[in-house]
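**Student:** based on what follows, work out the 3D shape:
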Amino acid sequence: VNISQRALAMVSAGGFLPMLRTGRWPLSAIETVLSLALILWFPLRPLAAYAAMTFLLAYNAAALWLLYHRPLQKIPIRSVLGLDFLFLANTCLWTGGSNSPFLGLFYLLVLVSALFFDLTGGLLAGVAAGGIAVVLTLLTPDALWELTRDTAPYFPIVGAFTGFISGQMKRWQIQVQESVTESRLQRQELELARSVQQSTLPAQPPTLPGYGLAVRAETSREVGGDFHLFLTPRPGVIGLVLGDVSGKGMAAALTATGIGYLLPHLRTQSPAEVRLSVLSDDLRGRLPSGAFVAMLYAELETETGSLTLWNAGHAPPWHNAKELPLGGAPPLGMLPNWKARPQTLSLAPGDTLFFCSDGVLEARHPSTGEELGPQRLADLLAAHLSASPDTIADAALDSVHGHGEPADDLTILVLRRESQAAG
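**Tutor:** Predicted coordinates:
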């Protein structure tokens, strides 16, 4: 459907149709006043003049009845305008021809035609009105050609100009409506994507006897590329996953969502490095060129406090407010045959492990442009060494927002060993 047809559909759907009702009343009133004036002040008229005016007023009454008793969308606009031209021309013919006081009402019909049918309708109506004026002049013995010469050309000019402006306004309105509709649909799609992504992330961290665990996650947009998961690779072991897909927006969010669905279903009987290598090869075949997934994976034996970590290009964790140096392996999805050397540490009672995505460290101050950085984060963690995981997570998140509006997704995970886990 082209834009002209859509414009007509928009008009016919109710945009301008009520004007047929409201506009018909003043038009009928003007024609009634002119008819009464001619009868009172110029009574010496042929009978045909009175008949023409009577027919015109009767037609207006019929048109008003039609407009109020039929759905506006079913009103044949072209037919109504055609009858308007016919009855008005007939009335002009018998009430002075080109000198008829009714002749000026053709301007209203031209304007209405332009309003409903744009440039083409306005121009055709204007040419028709101008032609009628010329024909009336030819049929009127004492007609003033000068008056017709100064009147007839303006009918098509007014019609074309008004029709052009009307068409442009309708096109602009359609574009605005389409833009609003598209924005609404995009918003709905983003909300749906956000809902799907959130369904892959744990609503609450698991309860671990002897441990405290807190998670805070925020996206810089409706959907994000950060993800976190809790796995159970084998009894007595909890797997902690923190990941960040390169890029932002929908592509990163779809990848993060796919990993959220895929990772829990990888063969848990295989060693962690094998599962991560399988995931890396799968991502390498699916991700666009240059894309990758930074991920930190840790397995905690809850009874002993032994923690084994694999780092694939992710920001390192912090152990008791000190950055934990991990061997640097490439992010997942970049190179074939991914391998990483695991590192092991033991969590003693009271130890705290802090994980975060790079969006936390790279939050920039809006005035100075300085990043939050490792040192500020270390100072904050040192000041909250004895605090609960929830308090630490909230303090870190508040520090990020206090430093400036984050431009990247934020994920914070805090693990604290409170006491010896029960066997």
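**Student:** Gly333 contacts Gly290, doesn't it?
**Tutor:** No. The criterion here is C-beta atoms under 8 Å, and Gly333 misses it with Gly290 at 10.0 Å. From N, CA and C alone the C-beta is placed, and that goes for glycine too.
**Student:** those two: which is more packed in?
**Tutor:** Legend: neighbour count by other C-beta atoms under 10 Å for Gly333 and Gly290, higher for Gly333 (27 against 9).
**Student:** for that one, give me the backbone phi and psi.
**Tutor:** phi 90, psi 0 (degrees, to the nearest 10).
**Student:** just give the nearest non-adjacent residue to it, would you?
**Tutor:** Leu283 (3.4 Å; C-beta to C-beta, 6 or more residues apart in numbering).
**Student:** how close does the one you found sit to Leu413?
**Tutor:** 22 Å (C-beta to C-beta, to the nearest Å).
**Student:** kindly report the same for Leu111.
**Tutor:** On the measure of C-beta to C-beta, Leu111 and Leu413 end up 69 Å apart.
**Student:** between those two, point out the one with more neighbours.
**Tutor:** Leu413 (25 against 19).
**Student:** what lines up beside the helix or strand containing the more buried one in the sheet?
**Tutor:** If you go by DSSP states H and E, Leu413 is part of strand 410-417. Sheet pairing for strand 410-417, assigned by DSSP bridges, gives strand 211-218 (antiparallel), strand 352-356 (antiparallel).
**Student:** go through those strands and name the closest to Trp338.
**Tutor:** strand 352-356 (20.5 Å; C-beta to C-beta).
**Student:** which element follows the closest one toward the C-terminus?
**Tutor:** Assignment by DSSP H and E places the next element after strand 352-356 at helix 358-361.
**Student:** what's in contact with that following helix?
**Tutor:** 220, 226, 244, 294, 314-315, 371-374, 377, 396, 400, 406-412 (C-beta atoms under 8 Å, 6 or more residues apart in numbering).
**Student:** taking these one by one, which sit in strands?
**Tutor:** Using DSSP state E, the subset of the contacts of helix 358-361 located in strands is 226, 244, 294, 410-412.
**Student:** helix or strand for the residue most central in space within the chain, which one?
**Tutor:** By C-alpha atoms, centre = their mean, the chain has its centre lying nearest to Ser183, at 1.6 Å. Here Ser183 sits within helix 154-200, counting by DSSP H and E.
**Student:** in the chain, which spans are strands?
**Tutor:** 211-218, 226-234, 237-245, 293-301, 306-312, 318-319, 322-323, 343-346, 352-356, 410-417.
**Student:** against which helices or strands is the third one packed?
**Tutor:** Of the remaining helices and strands, those touching strand 237-245 by 3 or more C-beta pairs under 8 Å, 6 or more residues apart in numbering; DSSP states H and E are strand 226-234, helix 249-262, strand 293-301, strand 352-356, strand 410-417.
**Student:** looking at these, which is nearest to Ser277?
**Tutor:** Per C-beta to C-beta, nearest to Ser277 of the helices and strands packed on strand 237-245: strand 293-301, 11.7 Å.
**Student:** what does that closest one contact?
**Tutor:** By C-beta under 8 Å, 6+ apart, strand 293-301 touches 211, 233, 236-246, 255, 259, 272, 276, 283, 287, 306-317, 331-333, 347, 355, 358, 415.
**Student:** what about Tyr211, neighbour count?
**Tutor:** 21.
**Student:** quick one: the residue lying closest to it once chain neighbours are set aside from Ile30, how far?
**Tutor:** In this structure, Tyr211 finds its nearest non-sequential neighbour in Arg417, 5.6 Å apart by C-beta to C-beta, 6+ apart. In this structure, Arg417 and Ile30 are 91 Å apart, going by C-beta to C-beta.
**Student:** okay, the two: which has more neighbours?
**Tutor:** Comparing Arg417 with Ile30 by neighbour count (other C-beta under 10 Å), the higher total belongs to Arg417, at 22 against 15.
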